[in-house]
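S.K.: Could you work out the structure for the sequence below:
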Amino acid sequence: MLNYFKPAAMLLLLLTLLTGVLYPLVVTAFAHTFYADKANGSLLYDAKRQAIGSALIGQSFTLPKYFWGRASATAPYPYNAGASSGSNLGATNPVLIDAVNTRVKILQAADPSNKTPVPVDLVTASGSGLDPHISVAAAEYQIKRVAKARNMDENKLRELVNAQTESRQWLVFGEPRVNVLQLNLALDAQQP
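M.R.: Just a heads-up that it's a prediction; the model follows:
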């Protein structure tokens, strides 16, 4: 029995050191050397160089002068990274239908003159409930409200949205999208 125990214990110790200590140290050193920004959470900073959020996690904006992001399924706290998940509500679930209808009414009340259909990503949550992006259509839908709140030219605001629009990943995957936090930071930098 001891003939089997000693090699097994040595193998356990060797693999623990290799996969539990050495490999994580090498990967962490590589990430911090070549991808420091991403390895540290893709943090975004304000003019005073204080971290105000991550480009990877959505934030809640409710003032009319800002673009609003997707709804979050991490209720009761919007964009709670500790509760990342979808709502798991089916398309015919009355709770989801009521939530979507409420969100549509909120958007329409915020800009009563806007008669265009509300883009679906403004009233539904993403799978993680933390999505920092909205579609270009969702950003376009909000331009009138933001321009009015900031007393800003709509065309100038549209140019800013276009400048902040990210293309498809590797020009193939996904759809063009806008990171709401980055757009709002650029908006504040242009017109504080």
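S.K.: remind me which residues of this protein are low pLDDT?
M.R.: Scanning the chain for pLDDT under 70 picks out 75-79, 81-83, 192.
S.K.: Name the residue closest to the centre of it, please.
M.R.: Most central in the chain under CA atoms, centre = their mean is P132, positioned 1.6 Å from the mean C-alpha point.
S.K.: Compute the number of surrounding residues for M152.
M.R.: Residues within reach of M152, counting by other CB atoms under 10 Å, total 17. For the C-beta atoms, the positions are set from N, CA and C on the backbone; glycine is no exception.
S.K.: Could you do D111 as well?
M.R.: Look at D111: counted by other CB under 10 Å, it has 18 neighbours.
S.K.: hang on, the earlier thing: which ones are touching the nearest residue to the residue nearest to the centre of the chain once chain neighbours are set aside?
M.R.: With sequence-adjacent residues excluded and distances taken as CB to CB, 6 or more residues apart in numbering, P132 is closest to G58, at 4.3 Å. Taking CB atoms under 8 Å, 6 or more residues apart in numbering, we find G58 in contact with G69, R70, S72, P78, Y79, L130, D131, P132, H133, V180, L181.
S.K.: Between those residues, which sits nearest L17?
M.R.: Closest to L17 out of the contacts of G58 is L130 (35.0 Å), distances taken as CB to CB.
S.K.: Three-state assignment for the closest one, please.
M.R.: coil (DSSP: H, G, I helix; E, B strand; the rest coil).
S.K.: what about the residue nearest to it when sequence neighbours are not counted, distance to R70?
M.R.: Spatial nearest neighbour of L130, excluding adjacent residues (CB to CB, 6+ apart): I57 at 5.0 Å. As judged by CB to CB, to the nearest Å, I57 and R70 stand 12 Å apart.
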